[in-house]
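Visitor: here is the input, now give the coordinates:
(one chain, ligands or ions: 3)
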Amino acid sequence: MSAKKHKTANGHTDGDALWELDEETLNSGAVGFTASQLFIKNPACVAYTYDDVIMMPGHINFGLNEVDISTKLTKGISIKLPFVSSPMDTVTENKMAISMALQGGIGIIHSNFSIEDQAAEVRKVKRYENGFITDPICLCPNSTVSDVMELKAKHGYSGIPITDCGTMNGKLVGIVSSRDVSFVTDRGIKLSEIMTPREKLSVAKQGVSLHEANEILKETKKGKLPVVNDNDELVALIARTDLLKNHEYPNASKNPVSKQLLVGAAIGTRPEDRDRAAALVEAGVDVIVVDSSQGDSLYQIEIVKHLKETHEKLQVIAGNVVTPSQAIHLIQAGADGLRVGMGIGSICTTQEVCAVGRAQASAVFHVAKFARKYGVPILADGGIKSTGHITKALSLGASCVMMGSMLAGTDEAPGEYFYQDGVRLKRYRGMGSVEAMSKGSEKRYVWENNSAHSIKVAQGVSGAVQDKGTLETYIPYLTQGVRHGMQDAGVKSLEETREKLYADKLRFEIRSPAAQKEGGVHGLHSYQKRLY
Ligand SMILES: NC(=O)C1=CN([C@@H]2O[C@H](COP(=O)(O)OP(=O)(O)OC[C@H]3O[C@@H](n4cnc5c(N)ncnc54)[C@H](O)[C@@H]3O)[C@@H](O)[C@H]2O)C=CC1
Ligand SMILES: O=c1[nH]c(=O)c2[nH+]cn([C@@H]3O[C@H](COP(=O)(O)O)[C@@H](O)[C@H]3O)c2[nH]1
Ligand SMILES: [K+]
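Guide: Ligands and ions are numbered 1, 2, ... in the order given. Reported below is the predicted structural model:
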């Protein structure tokens, strides 16, 4: 049945067509411009970043909860949330990586570690099981009450497993609880004299489910339940307090076969990084990020090829790149994903020091459009300051965003909080800052030993970011913020976003400097900005 159509007096076509925008309106700029108009037909040769660009609203015919932001990190890895934490030594170690993966994103462990230590971080993520403490602090029978008091003061723990060698994986010989030590006046007394010995302990066997463990704890009314293997060696500990606050993580990023959390790790492009990669693969890493500011180098092409030839199941993210001319070499070498961004991070001084880089919205749009032809997802790395920036990156073709400063102030980031002028802060530094280089990345910036060339040229700074609390609330805030943005733009999923982007159905505009000011908070004497 065809709709009845005839021309009305004012020139409109009656029927369905009346309710569609005519070509003239569409092409006039009245509904904004296509991404190609902004970035490709670009007579002024200007590059743009997130704040320059604003999205036009779309039509909402779905609820917020229907917005699906699941995505691809690489050709072979899908995750529920498009959030990745940066491989930086003030951002991603095992705690951050565990929390990111539990919530549906992924963390990339930095490489400012010895090979062994970086592999150990990967193992900690892989061994993690929700509700199980897989690296409990232990003591040995010869340790003293004073050792327990020290641990309690430092970590707040009271129930400490005692193993024959004083570490996890040793034979379980007892447990010391706060009640065992609280009335002991002689702090030199050995724990073997006061601990509850193995014969009197209720334990669970390796493989126990959380539900079963919970039942045992209820029955025994104890605070801690050791988990042992067939040789009676301690393999985990379950704490009643953890069970009480136990969360479900339906979005967790897991390896579909092993059911372990997904984790990535960074390596460099030096010859020794091949050994590092081998150790990381041995530890179970799912994806390796080849970490360099300018990824289009022979060094990187060779290591990407090597990784893809040597480790069959490994996914490799190469970069960083900001142009298709760089991207093509890495895609050809076998990259499963590309990291985009040069000199645009909050702590980056690369554009200032090296005069090379690109504004991030332009970089993301161009590389994503090109890489899509090869089915290679891209990761918009750096320069993200708000949920709006995330939505813009995803709307310009990125599959995920990588964040440093956004996550460095959370509880899960490495380092302790400190106060400055009454504000609670955490340290955050560039991996090319003098401070980070002197910890480990130094050899990247020193050309020759003992020569006049051996001068370090920093490409990053060291600073601090404000306390953000725990990722347990911050990631849901980011998720919901992005969902709102996508709903306002009238898109229901990230794949639909990209389809509309390339079909010229997503519309944008460039904001003048005054418009950018207008888009922020203005004209107030004072205000408080609470995020959620
Ligand atoms: N995304 C960005 O804009 C930037 C990021 N960073 C971060 O700082 C850290 C260091 O980055 P980069 O300075 O790019 O490190 P890099 O290790 O890639 O490069 C440092 C220097 O070592 C050289 N080099 C690398 N592999 C080599 C090999 N096999 N043989 C001889 N020379 C070799 C490079 O050409 C370069 O001159 C990384 O974590 C990176 O993510 C640093 C600057 C900018
Ligand atoms: O020019 C740079 N010098 C550095 O020292 C440096 N360290 C990290 N990075 C890059 O910045 C990203 C994080 O940026 P954001 O804090 O803006 O999220 C990271 O993900 C990196 O891509 C650096 N860039
Ligand atoms: K910068």
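Visitor: contact partners for Glu496?
Guide: Residues near Glu496 by Cβ atoms under 8 Å, 6 or more residues apart in numbering: none. All C-beta spots, glycine's among them, are computed from the backbone N, C-alpha and C.
Visitor: three-state assignment of it?
Guide: helix (DSSP: H, G, I helix; E, B strand; the rest coil).
Visitor: where exactly do the helices run in the stretch 151-300 of the chain?
Guide: Remark: helices assigned in the stretch 151-300 of the chain by DSSP state H, counting those that start in this stretch are 178-182, 191-194, 210-220, 240-244, 273-283, 298-310.
Visitor: same question for the stretch 301-450 of the chain.
Guide: Per DSSP H, counting those that start in this stretch, the stretch 301-450 of the chain carries helices over the ranges 324-333, 350-354, 360-372, 387-395, 405-408, 434-436, 442-445.
Visitor: just send those helices back as JSON lines, with distance to Val457, mean pLDDT and mean neighbour count too.
Guide: Formatted as JSON lines, the helices of the stretch 301-450 of the chain follow (distance: least, Cβ to Cβ, whole Å; pLDDT from 0 to 100; neighbours: other Cβ atoms under 10 Å):
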{"stretch": "helix 324-333", "distance to Val457": "21", "mean pLDDT": "98", "mean neighbour count": "19"}
{"stretch": "helix 350-354", "distance to Val457": "6", "mean pLDDT": "93", "mean neighbour count": "15"}
{"stretch": "helix 360-372", "distance to Val457": "23", "mean pLDDT": "98", "mean neighbour count": "25"}
{"stretch": "helix 387-395", "distance to Val457": "29", "mean pLDDT": "98", "mean neighbour count": "24"}
{"stretch": "helix 405-408", "distance to Val457": "22", "mean pLDDT": "98", "mean neighbour count": "26"}
{"stretch": "helix 434-436", "distance to Val457": "10", "mean pLDDT": "92", "mean neighbour count": "18"}
{"stretch": "helix 442-445", "distance to Val457": "6", "mean pLDDT": "55", "mean neighbour count": "14"}
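Visitor: just give the number of residues close to Glu309.
Guide: Using other Cβ atoms under 10 Å, Glu309 has 9 other residues around it.
Visitor: isn't Thr196 right next to Leu172, touching?
Guide: No: contact between Thr196 and Leu172 fails when scored by Cβ atoms under 8 Å: they sit 11.2 Å apart.
Visitor: okay, these two: which has more neighbours?
Guide: Taking other Cβ under 10 Å, Thr196 and Leu172 do not tie; Leu172 has more neighbours (22 against 16).
Visitor: what's the pLDDT at the residue lying closest to that one once chain neighbours are set aside?
Guide: Nearest non-adjacent residue to Leu172, counting by Cβ to Cβ, 6 or more residues apart in numbering: Leu234, 4.7 Å away. Per-residue confidence (pLDDT) for Leu234: 95.
Visitor: which ones are touching Leu234?
Guide: Counted by Cβ under 8 Å, 6+ apart, Leu234 has contacts 136, 138, 161, 163, 168-172, 226-228.
Visitor: equivalent analysis for Gln118, please.
Guide: Taking Cβ under 8 Å, 6+ apart as the test, what Gln118 contacts is 109-111, 265, 276, 279-280.
Visitor: how much space separates it from ligand 2?
Guide: 17 Å (Cβ to the nearest ligand atom, to the nearest Å).
Visitor: helix, strand, or coil at that residue?
Guide: Here Gln118 is recorded as helix under three-state DSSP.
Visitor: any idea how far it is from Met88?
Guide: Using Cβ to Cβ, to the nearest Å, Gln118 is found at 13 Å from Met88.
Visitor: ok, the contacts of Gln118 vs His306, which is closest?
Guide: Arg276 (12.0 Å; Cβ to Cβ).
Visitor: one step back: okay, and the common contacts of Gln118 and Met88?
Guide: With Cβ under 8 Å, 6+ apart, Gln118 and Met88 have common neighbours His110.
Visitor: hang on, the earlier thing: dump the helices of the stretch 301-450 of the chain into a markdown table; add distance to Leu210 as well.
Guide: Below are the helices of the stretch 301-450 of the chain laid out as a markdown table (distance: least, Cβ to Cβ, whole Å):
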| stretch | distance to Leu210 |
| --- | --- |
| helix 324-333 | 42 |
| helix 350-354 | 46 |
| helix 360-372 | 41 |
| helix 387-395 | 33 |
| helix 405-408 | 28 |
| helix 434-436 | 39 |
| helix 442-445 | 43 |
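Visitor: the protein against ligand 2: which residues are in contact?
Guide: Counting by Cβ under 6 Å from any ligand atom, the chain comes close to ligand 2 at 86, 88, 293, 320, 341, 343, 345-350, 381-384, 402-406, 430-433, 459-460.
Visitor: now do Ser520 against ligand 2, distance only.
Guide: For the record, residue 520 is Gly, not Ser. In terms of Cβ to the nearest ligand atom, Gly520 sits 18 Å off from ligand 2.
Visitor: that residue and Lys529, how far apart?
Guide: Per Cβ to Cβ, Gly520 is found 10 Å from Lys529.
Visitor: repeat that for Ile475.
Guide: Separation of Ile475 from Lys529 (Cβ to Cβ) stands at 19 Å.
Visitor: neighbour-wise, which of the two wins?
Guide: Ile475 (22 against 5).
Visitor: which one is that one nearest to, not counting chain neighbours?
Guide: Gln103 (4.4 Å).
Visitor: so that neighbour sits right up against Thr473, yeah?
Guide: No: shown here, Gln103 and Thr473 do not form a contact pair, counting by Cβ under 8 Å, at 10.4 Å.
Visitor: where are the low-confidence patches of the chain?
Guide: 1-16, 157-158, 244-246, 441-454 (pLDDT under 70).
Visitor: show me how the record splits it into domains.
Guide: 71-129+251-517, 132-244 (automatic domain parsing).
Visitor: now for the residue nearest to Ile475: which residues touch it?
Guide: For Gln103, the contact set (Cβ under 8 Å, 6+ apart) comprises 81, 249, 251-252, 471-472, 475-476.
Visitor: can I get the buried part of the residues you listed as one ChimeraX selection?
Guide: Buried residues among the contacts of Gln103 (16 or more other Cβ atoms under 10 Å), as a ChimeraX selection:
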select :81,249,251,252,471,472,475
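Visitor: turn the contacts of Gln103 into TSV, columns for distance to ligand 1.
Guide: As requested, the contacts of Gln103 are exported to TSV (distance: Cβ to the nearest ligand atom, whole Å):
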residue	distance to ligand 1
Leu81	22
Tyr249	29
Asn251	27
Ala252	27
Leu471	22
Glu472	27
Ile475	23
Pro476	28
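Visitor: Val356: which of the contacts of Gln103 is nearest?
Guide: Nearest to Val356 among these, counting by Cβ to Cβ, is Leu81 at 31.7 Å.
Visitor: pretty sure Leu425 contacts Asp467?
Guide: Yes: at 6.6 Å, Leu425 counts as touching Asp467 under the criterion of Cβ under 8 Å.
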